[in-house]
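K.L.:
Show me the folded form of this:
(4 chains)
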Protein chains: 2
Amino acid sequence: MPTSLLEENDGTDASAKDVLSPDCPSRIVFGRIGERWTMFVILALEPGPMRFTALKARVGVITPKVLTETLRALEGDGLVSRRAFVESPPRVEYALTPLGRSLLEPIAAMRAWAEAHVPEVLESRDRALS
Amino acid sequence: MPTSLLEENDGTDASAKDVLSPDCPSRIVFGRIGERWTMFVILALEPGPMRFTALKARVGVITPKVLTETLRALEGDGLVSRRAFVESPPRVEYALTPLGRSLLEPIAAMRAWAEAHVPEVLESRDRALS
DNA sequence: GATACTGGTTACTTCAACGGAACCGATCTC
DNA sequence: GAGATCGGTTCCGTTGAAGTAACCAGTATC
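P.N.:
Model prediction:
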(Lines give C-alpha, C1' and ligand atoms only; values in the text may rest on other atoms or scores of the structure.)
Protein backbone atom coordinates (compact mmCIF):
# COMPACT_ATOMS: atom_id res chain seq x y z
CA MET A 1 0.00 0.00 0.00
CA PRO A 2 1.35 3.40 -0.94
CA THR A 3 2.10 6.08 1.60
CA SER A 4 -0.69 8.50 2.32
CA LEU A 5 -0.77 12.09 1.18
CA LEU A 6 -1.54 13.49 4.60
CA GLU A 7 -0.99 12.45 8.15
CA GLU A 8 -3.98 10.73 9.66
CA ASN A 9 -1.97 9.49 12.60
CA ASP A 10 -0.67 10.80 15.88
CA GLY A 11 2.10 12.81 14.29
CA THR A 12 5.19 10.91 15.35
CA ASP A 13 8.38 11.85 13.59
CA ALA A 14 8.76 8.48 11.93
CA SER A 15 5.66 8.82 9.81
CA ALA A 16 5.96 12.56 9.32
CA LYS A 17 8.61 11.92 6.71
CA ASP A 18 6.20 9.88 4.62
CA VAL A 19 4.20 12.98 3.85
CA LEU A 20 6.87 14.23 1.51
CA SER A 21 8.04 10.83 0.45
CA PRO A 22 9.06 10.62 -3.21
CA ASP A 23 7.07 7.40 -3.30
CA CYS A 24 3.77 9.13 -2.68
CA PRO A 25 1.86 8.48 -5.92
CA SER A 26 0.04 11.79 -5.96
CA ARG A 27 3.23 13.73 -5.47
CA ILE A 28 4.86 11.91 -8.35
CA VAL A 29 2.00 12.55 -10.72
CA PHE A 30 1.30 16.14 -9.75
CA GLY A 31 4.99 16.85 -9.73
CA ARG A 32 5.34 15.64 -13.29
CA ILE A 33 2.29 17.32 -14.73
CA GLY A 34 3.15 20.50 -12.87
CA GLU A 35 6.33 20.82 -14.88
CA ARG A 36 5.93 23.55 -17.36
CA TRP A 37 5.97 21.63 -20.63
CA THR A 38 4.72 18.16 -19.75
CA MET A 39 1.08 18.87 -20.51
CA PHE A 40 1.81 20.48 -23.85
CA VAL A 41 3.92 17.58 -25.01
CA ILE A 42 1.44 14.91 -23.92
CA LEU A 43 -1.48 16.70 -25.49
CA ALA A 44 0.53 17.39 -28.64
CA LEU A 45 1.17 13.66 -29.00
CA GLU A 46 -2.50 12.74 -28.61
CA PRO A 47 -3.23 12.42 -32.36
CA GLY A 48 -0.40 9.94 -32.88
CA PRO A 49 3.35 9.47 -33.38
CA MET A 50 5.27 12.57 -34.27
CA ARG A 51 8.78 13.61 -35.19
CA PHE A 52 10.89 15.93 -33.06
CA THR A 53 10.64 18.91 -35.36
CA ALA A 54 6.90 18.52 -35.90
CA LEU A 55 6.40 18.24 -32.16
CA LYS A 56 8.43 21.35 -31.59
CA ALA A 57 6.35 23.26 -34.14
CA ARG A 58 3.12 21.98 -32.65
CA VAL A 59 3.98 22.90 -29.08
CA GLY A 60 5.00 26.35 -30.22
CA VAL A 61 7.78 28.38 -28.66
CA ILE A 62 9.62 25.61 -26.80
CA THR A 63 13.40 25.44 -27.23
CA PRO A 64 14.96 22.19 -28.48
CA LYS A 65 16.87 21.83 -25.25
CA VAL A 66 13.78 21.94 -23.07
CA LEU A 67 11.80 19.74 -25.44
CA THR A 68 14.55 17.13 -25.27
CA GLU A 69 14.60 17.30 -21.48
CA THR A 70 10.84 16.95 -21.29
CA LEU A 71 10.76 14.01 -23.69
CA ARG A 72 13.56 12.21 -21.84
CA ALA A 73 11.71 12.62 -18.57
CA LEU A 74 8.46 11.31 -20.03
CA GLU A 75 10.31 8.45 -21.67
CA GLY A 76 11.89 7.61 -18.34
CA ASP A 77 8.44 7.51 -16.77
CA GLY A 78 7.18 5.16 -19.47
CA LEU A 79 4.63 7.67 -20.73
CA VAL A 80 6.27 8.32 -24.10
CA SER A 81 8.18 6.04 -26.45
CA ARG A 82 11.04 6.97 -28.74
CA ARG A 83 11.87 5.23 -32.03
CA ALA A 84 15.00 6.25 -33.91
CA PHE A 85 15.38 5.22 -37.55
CA VAL A 86 18.93 4.91 -38.82
CA GLU A 87 18.65 7.13 -41.86
CA SER A 88 20.08 10.36 -43.07
CA PRO A 89 18.91 12.87 -42.25
CA PRO A 90 18.01 11.19 -38.99
CA ARG A 91 14.41 10.41 -38.18
CA VAL A 92 12.98 9.98 -34.69
CA GLU A 93 9.37 9.33 -33.79
CA TYR A 94 7.81 10.00 -30.42
CA ALA A 95 4.49 8.51 -29.35
CA LEU A 96 2.36 8.06 -26.27
CA THR A 97 2.60 4.63 -24.70
CA PRO A 98 -0.62 2.94 -23.53
CA LEU A 99 0.29 4.18 -20.05
CA GLY A 100 0.70 7.71 -21.33
CA ARG A 101 -2.56 7.44 -23.22
CA SER A 102 -4.39 6.34 -20.06
CA LEU A 103 -3.26 9.55 -18.42
CA LEU A 104 -5.27 11.54 -20.96
CA GLU A 105 -8.46 10.64 -19.14
CA PRO A 106 -7.83 12.32 -15.76
CA ILE A 107 -6.20 15.17 -17.65
CA ALA A 108 -9.43 15.64 -19.56
CA ALA A 109 -11.35 15.81 -16.28
CA MET A 110 -8.99 18.47 -15.01
CA ARG A 111 -9.23 20.40 -18.27
CA ALA A 112 -13.00 20.30 -18.11
CA TRP A 113 -12.91 21.76 -14.62
CA ALA A 114 -10.47 24.40 -15.82
CA GLU A 115 -12.64 25.45 -18.75
CA ALA A 116 -15.69 25.61 -16.52
CA HIS A 117 -14.26 27.37 -13.47
CA VAL A 118 -11.21 29.39 -14.43
CA PRO A 119 -13.32 32.48 -15.16
CA GLU A 120 -14.30 32.45 -11.48
CA VAL A 121 -10.67 32.05 -10.48
CA LEU A 122 -9.61 34.98 -12.65
CA GLU A 123 -12.45 37.09 -11.31
CA SER A 124 -11.29 36.29 -7.79
CA ARG A 125 -7.72 37.21 -8.68
CA ASP A 126 -8.87 40.54 -10.04
CA ARG A 127 -10.77 41.24 -6.84
CA ALA A 128 -7.74 40.29 -4.75
CA LEU A 129 -5.63 42.90 -6.52
CA SER A 130 -7.98 45.77 -5.81
CA MET B 1 -14.02 30.98 -25.88
CA PRO B 2 -10.74 30.45 -24.09
CA THR B 3 -7.47 30.09 -25.90
CA SER B 4 -6.47 26.60 -26.86
CA LEU B 5 -3.68 24.66 -25.23
CA LEU B 6 -1.97 23.82 -28.49
CA GLU B 7 -1.73 25.29 -31.91
CA GLU B 8 -4.18 23.78 -34.34
CA ASN B 9 -3.53 26.51 -36.89
CA ASP B 10 -0.92 27.44 -39.46
CA GLY B 11 1.60 28.60 -36.91
CA THR B 12 1.63 32.34 -37.46
CA ASP B 13 3.38 34.37 -34.81
CA ALA B 14 0.25 36.17 -33.69
CA SER B 15 -1.46 33.04 -32.37
CA ALA B 16 1.74 31.32 -31.27
CA LYS B 17 1.78 33.57 -28.24
CA ASP B 18 -1.59 32.25 -27.11
CA VAL B 19 -0.07 28.88 -26.38
CA LEU B 20 1.69 30.23 -23.33
CA SER B 21 -0.92 32.80 -22.54
CA PRO B 22 -1.55 33.25 -18.83
CA ASP B 23 -5.24 33.17 -19.73
CA CYS B 24 -5.14 29.57 -20.89
CA PRO B 25 -7.37 27.79 -18.35
CA SER B 26 -5.40 24.56 -18.30
CA ARG B 27 -2.15 26.39 -17.69
CA ILE B 28 -3.68 28.26 -14.78
CA VAL B 29 -5.04 25.15 -13.13
CA PHE B 30 -2.07 22.89 -13.71
CA GLY B 31 0.23 25.70 -12.70
CA ARG B 32 -1.54 26.06 -9.39
CA ILE B 33 -1.88 22.40 -8.52
CA GLY B 34 1.68 21.78 -9.66
CA GLU B 35 2.96 24.06 -6.94
CA ARG B 36 4.53 22.03 -4.24
CA TRP B 37 2.12 22.52 -1.37
CA THR B 38 -1.21 23.31 -3.00
CA MET B 39 -2.45 19.74 -3.05
CA PHE B 40 -1.56 19.07 0.56
CA VAL B 41 -3.36 22.15 1.78
CA ILE B 42 -6.50 21.54 -0.28
CA LEU B 43 -6.70 17.91 0.77
CA ALA B 44 -5.96 18.81 4.38
CA LEU B 45 -8.95 21.17 4.34
CA GLU B 46 -11.31 18.56 2.93
CA PRO B 47 -12.84 17.55 6.30
CA GLY B 48 -13.81 21.12 7.16
CA PRO B 49 -12.62 24.49 8.49
CA MET B 50 -9.32 24.43 10.29
CA ARG B 51 -7.04 26.78 12.18
CA PHE B 52 -3.58 27.73 11.01
CA THR B 53 -1.72 25.69 13.57
CA ALA B 54 -3.89 22.63 13.10
CA LEU B 55 -3.45 22.89 9.34
CA LYS B 56 0.29 23.14 9.76
CA ALA B 57 0.33 20.05 11.95
CA ARG B 58 -1.87 18.13 9.51
CA VAL B 59 0.20 18.93 6.45
CA GLY B 60 3.33 17.91 8.30
CA VAL B 61 6.72 19.52 7.79
CA ILE B 62 5.65 22.73 6.06
CA THR B 63 7.13 25.97 7.39
CA PRO B 64 4.76 28.76 8.48
CA LYS B 65 6.12 31.02 5.80
CA VAL B 66 5.34 28.63 2.98
CA LEU B 67 1.97 27.73 4.44
CA THR B 68 1.05 31.40 4.60
CA GLU B 69 2.14 31.92 1.01
CA THR B 70 0.16 28.93 -0.16
CA LEU B 71 -2.95 29.97 1.71
CA ARG B 72 -2.74 33.53 0.39
CA ALA B 73 -2.44 32.23 -3.16
CA LEU B 74 -5.42 29.90 -2.76
CA GLU B 75 -7.40 32.67 -1.13
CA GLY B 76 -6.58 34.93 -4.05
CA ASP B 77 -7.86 32.27 -6.43
CA GLY B 78 -11.10 31.98 -4.49
CA LEU B 79 -10.43 28.35 -3.56
CA VAL B 80 -9.96 28.93 0.16
CA SER B 81 -11.61 31.36 2.57
CA ARG B 82 -10.07 32.99 5.63
CA ARG B 83 -11.99 34.07 8.71
CA ALA B 84 -10.19 35.94 11.48
CA PHE B 85 -11.84 36.21 14.90
CA VAL B 86 -10.86 39.20 16.99
CA GLU B 87 -9.86 37.38 20.14
CA SER B 88 -6.78 36.80 22.14
CA PRO B 89 -4.90 34.71 21.43
CA PRO B 90 -5.90 35.24 17.81
CA ARG B 91 -8.00 32.67 16.01
CA VAL B 92 -8.12 32.22 12.25
CA GLU B 93 -10.08 29.61 10.37
CA TYR B 94 -9.38 28.46 6.86
CA ALA B 95 -11.92 26.54 4.78
CA LEU B 96 -12.51 25.39 1.23
CA THR B 97 -14.93 27.58 -0.70
CA PRO B 98 -17.57 25.84 -2.86
CA LEU B 99 -15.25 26.51 -5.79
CA GLY B 100 -12.35 24.90 -3.96
CA ARG B 101 -14.54 21.99 -3.00
CA SER B 102 -15.55 21.44 -6.64
CA LEU B 103 -11.88 21.03 -7.48
CA LEU B 104 -11.72 17.95 -5.25
CA GLU B 105 -13.50 15.95 -7.94
CA PRO B 106 -10.93 16.16 -10.77
CA ILE B 107 -8.21 15.86 -8.14
CA ALA B 108 -9.75 12.57 -7.05
CA ALA B 109 -9.67 11.34 -10.65
CA MET B 110 -6.01 12.21 -10.88
CA ARG B 111 -5.27 10.58 -7.53
CA ALA B 112 -7.04 7.43 -8.63
CA TRP B 113 -4.89 7.29 -11.74
CA ALA B 114 -1.82 7.89 -9.60
CA GLU B 115 -2.64 5.10 -7.16
CA ALA B 116 -3.33 2.71 -10.02
CA HIS B 117 -0.43 3.49 -12.34
CA VAL B 118 2.44 4.95 -10.37
CA PRO B 119 3.93 1.50 -9.74
CA GLU B 120 4.36 1.19 -13.51
CA VAL B 121 5.95 4.63 -13.62
CA LEU B 122 8.39 3.76 -10.85
CA GLU B 123 9.22 0.48 -12.52
CA SER B 124 9.94 2.36 -15.72
CA ARG B 125 12.16 4.81 -13.86
CA ASP B 126 14.13 1.97 -12.35
CA ARG B 127 14.65 0.45 -15.80
CA ALA B 128 15.75 3.83 -17.16
CA LEU B 129 18.51 4.06 -14.56
CA SER B 130 20.08 0.74 -15.43
C1' DG C 1 8.24 38.32 36.23
C1' DA C 2 9.25 34.53 32.99
C1' DT C 3 7.27 31.51 29.80
C1' DA C 4 4.30 29.83 26.14
C1' DC C 5 0.70 30.18 22.65
C1' DT C 6 -1.23 32.30 18.37
C1' DG C 7 -0.69 33.62 13.55
C1' DG C 8 2.09 35.09 11.31
C1' DT C 9 6.52 38.50 9.15
C1' DT C 10 11.25 39.52 7.68
C1' DA C 11 15.88 38.78 5.82
C1' DC C 12 18.97 35.75 3.83
C1' DT C 13 20.27 31.70 1.18
C1' DT C 14 19.90 27.66 -1.89
C1' DC C 15 18.52 25.11 -5.79
C1' DA C 16 16.45 23.51 -9.87
C1' DA C 17 13.78 24.92 -13.94
C1' DC C 18 13.91 27.50 -17.77
C1' DG C 19 15.71 30.39 -21.59
C1' DG C 20 19.30 32.04 -25.33
C1' DA C 21 22.64 31.19 -28.43
C1' DA C 22 25.98 28.69 -30.57
C1' DC C 23 27.51 24.41 -32.28
C1' DC C 24 27.73 19.32 -34.08
C1' DG C 25 28.16 15.23 -37.94
C1' DA C 26 26.17 13.17 -41.69
C1' DT C 27 23.73 13.72 -45.81
C1' DC C 28 21.27 15.90 -49.64
C1' DT C 29 20.48 19.90 -52.82
C1' DC C 30 21.85 23.79 -55.60
C1' DG D 1 31.69 23.94 -52.39
C1' DA D 2 28.01 26.56 -50.01
C1' DG D 3 23.93 25.99 -47.70
C1' DA D 4 19.97 23.55 -45.63
C1' DT D 5 17.88 19.64 -42.82
C1' DC D 6 17.56 16.63 -38.76
C1' DG D 7 17.91 15.76 -33.87
C1' DG D 8 19.87 17.06 -30.84
C1' DT D 9 24.21 18.91 -27.15
C1' DT D 10 26.84 22.34 -24.51
C1' DC D 11 27.69 26.51 -21.99
C1' DC D 12 26.05 30.26 -19.56
C1' DG D 13 22.85 33.26 -17.24
C1' DT D 14 18.34 34.36 -15.03
C1' DT D 15 14.49 33.68 -12.13
C1' DG D 16 11.35 32.24 -8.83
C1' DA D 17 9.98 28.90 -5.45
C1' DA D 18 11.27 26.93 -1.33
C1' DG D 19 14.00 26.42 3.05
C1' DT D 20 16.25 28.41 7.58
C1' DA D 21 16.20 31.10 11.36
C1' DA D 22 15.01 34.81 13.99
C1' DC D 23 11.58 37.85 15.54
C1' DC D 24 6.90 40.22 16.76
C1' DA D 25 2.53 41.85 19.89
C1' DG D 26 -0.90 40.64 23.03
C1' DT D 27 -2.70 37.63 26.42
C1' DA D 28 -2.92 33.77 29.70
C1' DT D 29 -0.52 30.78 32.73
C1' DC D 30 2.80 29.44 36.24
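K.L.:
CA atoms for contacts and neighbours, from now on please.
P.N.:
Fine.
K.L.:
residues near A:Gly34, how many?
P.N.:
20 (other CA atoms under 10 Å in any protein chain shown).
K.L.:
do the same with the one 3 residues further on
P.N.:
Counted with other CA under 10 Å, residues neighbouring A:Trp37 total 19.
K.L.:
That one and A:Thr70 touch, don't they?
P.N.:
Yes - between A:Trp37 and A:Thr70 there is a contact under CA atoms under 8 Å: 6.8 Å.
K.L.:
mind listing the helices for chain A?
P.N.:
Counting by DSSP state H, chain A has these helices, from start to end: A:13-16, A:25-34, A:38-44, A:52-59, A:64-76, A:98-129.
K.L.:
So for the residue in chain A that DNA strand D sits nearest to, what's the nearest residue that isn't a sequence neighbour?
P.N.:
Residue nearest to DNA strand D within chain A (CA to the nearest atom of the strand): A:Arg91, separated by 3.5 Å. Of all residues not flanking A:Arg91 in the chain, A:Phe85 sits nearest, at 5.3 Å (CA to CA, 6 or more residues apart in numbering or on different chains).
K.L.:
Also A:Leu55?
P.N.:
Closest to A:Leu55 by CA to CA, 6+ apart is A:Ala44, at 6.9 Å.
K.L.:
Against B:Ile62, how distant is the one you found?
P.N.:
Distance, A:Ala44 to B:Ile62, by CA to CA, to the nearest Å: 35 Å.
K.L.:
These two: who's more crowded?
P.N.:
Here A:Ala44 and B:Ile62 are compared on neighbour count by other CA under 10 Å; more neighbours surround A:Ala44, at 24 against 17.
K.L.:
didn't the more buried one look like it was pressed against A:Ala57?
P.N.:
No - counting by CA under 8 Å, A:Ala44 stays clear of A:Ala57, with 9.9 Å between them.
K.L.:
Quick check, pLDDT for the residue of chain A closest to DNA strand D.
P.N.:
Note for A:Arg91: predicted pLDDT of 95.
K.L.:
Quick check, the residue in chain A closest to chain B?
P.N.:
A:Gly34 (3.8 Å; CA to the nearest CA).
K.L.:
which ones are touching the spatially most central residue of chain A?
P.N.:
Nearest residue to the geometric centre of chain A (CA atoms, centre = their mean): A:Ile33, 2.8 Å. Applying CA atoms under 8 Å, 6 or more residues apart in numbering or on different chains, we find A:Ile33 in contact with A:39, B:30, B:34.
K.L.:
what would those look like in JSON lines with pLDDT and distance to B:Arg101?
P.N.:
Shown next, in JSON lines, are the contacts of A:Ile33 (pLDDT from 0 to 100; distance: CA to CA, whole Å):
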{"residue": "A:Met39", "pLDDT": "90", "distance to B:Arg101": "24"}
{"residue": "B:Phe30", "pLDDT": "87", "distance to B:Arg101": "16"}
{"residue": "B:Gly34", "pLDDT": "83", "distance to B:Arg101": "18"}
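K.L.:
Can you lay out the residues you listed as TSV showing distance to DNA strand C?
P.N.:
Shown next, in TSV, are these (distance: CA to the nearest atom of the strand, whole Å):
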residue	distance to DNA strand C
A:Met39	10
B:Phe30	11
B:Gly34	10
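K.L.:
still on that earlier bit, how far away is the residue nearest to A:Leu55 from A:Phe30?
P.N.:
From A:Ala44 to A:Phe30 the distance is 19 Å (CA to CA).
K.L.:
Surely A:Pro49 touches A:Ala95?
P.N.:
Yes - between A:Pro49 and A:Ala95 there is a contact under CA under 8 Å: 4.3 Å.
K.L.:
more neighbours, those two?
P.N.:
Of the pair A:Pro49 and A:Ala95, A:Ala95 is the one with more neighbours under other CA under 10 Å, namely 22 against 19.
K.L.:
how much space between that one and DNA strand C?
P.N.:
Per CA to the nearest atom of the strand, to the nearest Å, A:Ala95 is found 20 Å from DNA strand C.
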